[in-house]
Every structure is written in C-alpha cells, then in structure tokens.
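Novice: give me a 3D structure for the following:
(one chain, ligands or ions: 2)
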Amino acid sequence: MIIIMKQDVDPEGPEISRIREFLKSFPEVMTRTSGIKGASRQVTEIYLIGPTHDIPLETLSHMPGVEKVVRVSNKYRQIGRHGGQLDQIGFTYNGINFNQDSLNIFIGLCAVDTFEHVEMIFSNLKKLGIATARMGAYKPRTSPYDFQGHGKECLPWLFELAGKYDIKVIAMEVLRAVHIEEIREALETAGNPTGVMLQVGTRNAQNFELLKAVGLQNEFPVLYKRGMGLSLEESLNACEYVANEGNRNIVFCLRGIKSGLGAPHRNLVDFAHVPVIKRLTRLPVCIDPTHSVGTKDQAPDGILDIFHASAEGVIAGANMILIEFHPRPELALCDGPQALTIPEMNHFIADTMLVRKTYEERRDLASRELFRQWHPDQQDLSPAG
Ligand code: PEP
Ligand code: MN
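Specialist: Ligands and ions are numbered 1, 2, ... in the order given. Next comes the predicted model:
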C-alpha cells in the first residue's frame, strides 16, 4: 500500500506524524517515507510493507494531507505505476530534467581512451548545445585480456574537461560499490565541475549488491540497463532494488536483448517496449541503439541501421538516448566498429529532432482524439485542434 501525500506536505510535519500514530495499531506493518523532488513539485509518499489488508483504506484516504491511497499488486512497488494509479516520477539533476516527457541525448565514447579524443567529443557537444555525455571509465569486458578501462586514473582530467565544455551530466558505468566512492572523490577534488549518472550495465542487471549500493546513495542518479537475457519483469524487479534503498532518481534503459534472432544485428532491438516501460513504471526510459544494433550497416535509403533503431525508440516516446561516437573508431579500445564519427554527429542530432517532433505531433493527435471520444458534442478549441 502507498499513501501519497498532497503536494508540499512537510515530510517531518504533523500530517505524517498523525498517520504514523494511526498505523501503530498495525504493528506488523513497516513504513518507509520517501520524498520525491520533481522538476516542479515535492511529493512525499509513505510505503506500507507487510500485512496491510486490514488497514482501512477509506479512513487513511480521509486523513489530513493525504492525496490518495493506492493498493499495489506488482512486485516492483516503488517504481511501478500500478495500473495507472500513480504518476510518473521525474527528477532534475545538475540542471537537466529527466522525466517521461523529456528527451536528453547522451553522446560519447564507449571507453575513455585519450585526453584528445574526449576533448574532441566534448567540444563538438558544446558546439551543438548538448550538455549530456557518455564516457566509460570502468569497462566490463567479455575477455579478461581486453581493455578494462582506465578506471579512476582518468577521472581527474575527464571531469576537468567536462567542466571546460559545460557538460552537466556524464553517464558512466560502475562495476563495484567502490567505484561510486572513486567518482565522488574525483568530482570533489576537481570542484564538482560536472555531474555523473551511475550506469548499471546489462551484465550487472541482477547484481543485487551493486543495485543496492547505487540505491543507497542519493547524490547521483542511476541509469539501469535491462538484462540482455532477462524478461522485462525480471529486470523491473531488479531495478526496484535501487528504489528500495531510497534512490528514486532512476532511468530505465533498453539496450537490446540477446537472441540469435536479432542477427545480423548484435542484439534484438526491444524498443517496442518504450511505451510498455512508461505504462508499467513511473520512470523515464532510455534507449541504447548502439549496443542494440552493434554494426554500422546502412540501409538502401542511405540511413544507418543505428539511426533507424534510434528513431524507433524516439518515435515511441523515449526520454534519453545513449549512443557511442569516436573521433577515430579504428583506434577505439572498445566497440570501435559500432561507433559513429564526429561528422555523423550533426546528422544524428538533426534526424533525432525530426523524429522527436513527429512523436510530439503524434502525442497531440492522440490527445485530440481522446478529447473527441469523451466529448463528442464539443468542439476542440485548442490551437492545434
Ligand atoms: C555500455 O553502455 O558501455 C555498455 C557496456 O552497455 P551494456 O551494458 O548495455 O552492454
Ligand atoms: Mn560499448
């Protein structure tokens, strides 16, 4: 059961104390209070865990400060929408908004290699007015003999460069809890010139201890990547571990699933699940066309498969794109063959904007159609109507 408090109810205030007092009659029920600070409002929610069936929903609903009370059925209680009963939970991090309506493009290297390459990416992003990037310092590799990433050694100059080019958020994978500490320390030493979104990769999608570690801190948001061999339900339950430790600033990322049926692509593109994640959860949804497609093959229409796959996600309402570029893919230490080049950056952004605009028009069209269905006698007076 979840109690959603009215907007701006103080988490330490009398309304919450009164509810706690009331719940003392149900000693086996545990409570967890969580404050969600969205882009425009602060909402407090109280999660009731345990035998809640005897708690009178009606009484709770009428207590001061309560907006609504929702009985939850899914296992992913905190990230779930529970049949549309709960609204999305967006967040703002370092000045960038993440929610089910926004779109942010995270462009960058699969693995940080040289200062020069990072600078080329960041300076191009600045020219394009983009303040979000991806940069892997810790790399989970299939073979132990492959490049494992520069790790914490590259963080000081990476963060300094990010500050120089006004990059506000870098998505960076972490493999162990200690990496969170290393990132925090390096940021602090550099004077916090940028922010980091902690990425949990597909290989760690069910590494519950790592998920708890990123969930236990609230400083950095979390990008959770769906397990490449997991059902959606399994991945949603795993993602819940992050929220359950207290961190609700989560983005759920689709990155393709492992199946021979995806060939000749590296994975089977699963972006038809963008609207599904938006319906089942309160989280913004990211797509990763690079790792889904894994090749730079081009269709006869002159458009790369990676662009086409990305467009599939964006036209379905994706809120974030994670995509790999490299100034010289032949020199990349990881995933060079799938990396786009700097001259391809302008094209990718222009293509994405075109698709996004069409998505927004589709959304408006759907809302006008809904209006017409519900009000068959009224004329739609909106400007687009
Ligand atoms: C990555 O984004 O760098 C990465 C390794 O992706 P995934 O975990 O989806 O394979
Ligand atoms: Mn990669």
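Novice: gap between Thr44 and Phe98?
Specialist: According to C-beta to C-beta, to the nearest Å, Thr44 stands 20 Å off from Phe98. For glycine as for every other residue, the C-beta is placed from the backbone atoms N, C-alpha and C.
Novice: ok, now Tyr145?
Specialist: 37 Å.
Novice: more neighbours, those two?
Specialist: Phe98 (27 against 7; other C-beta atoms under 10 Å).
Novice: and the more buried one, what's its pLDDT?
Specialist: For Phe98, the pLDDT comes out at 98.
Novice: so what's it up against?
Specialist: By C-beta atoms under 8 Å, 6 or more residues apart in numbering, the contact set of Phe98 is 90-92, 104, 221, 249, 251, 284, 319-320.
Novice: looking at those, state which has the most neighbours.
Specialist: Pro284 (29 neighbours).
Novice: excluding residues flanking it in the chain, which one is nearest it?
Specialist: Excluding its sequence neighbours, the residue lying closest to Pro284 (C-beta to C-beta, 6 or more residues apart in numbering) is Asn319, at 3.9 Å.
Novice: look up phi and psi at the one you found.
Specialist: Note on Asn319: backbone dihedrals following degrees, to the nearest 10 are phi -110, psi -10.
Novice: that one contacts Gln100, doesn't it?
Specialist: Yes: counting by C-beta atoms under 8 Å, Gln100 is a contact partner of Asn319 at 6.1 Å.
Novice: any common contacting residues for the two?
Specialist: With C-beta under 8 Å, 6+ apart, Asn319 and Gln100 have common neighbours 284-285.
Novice: ok, the residue in the stretch 1-150 of the chain that ligand 2 sits nearest to to His375 distance?
Specialist: The stretch 1-150 of the chain approaches ligand 2 most closely through Cys110 (3.3 Å), counting by C-beta to the ion. Distance of Cys110 to His375, computed by C-beta to C-beta: 50 Å.
Novice: neighbour count winner among these two?
Specialist: The neighbour comparison of Cys110 against His375 (other C-beta under 10 Å) goes to Cys110, with 24 against 10.
Novice: show the contacting residues for that one.
Specialist: Contacts for Cys110 (C-beta under 8 Å, 6+ apart) come out as 136, 139, 290, 324, 326, 332, 334-335, 339.
Novice: which of these fall in helices?
Specialist: In this view, these that belong to helices under DSSP state H are Thr290.
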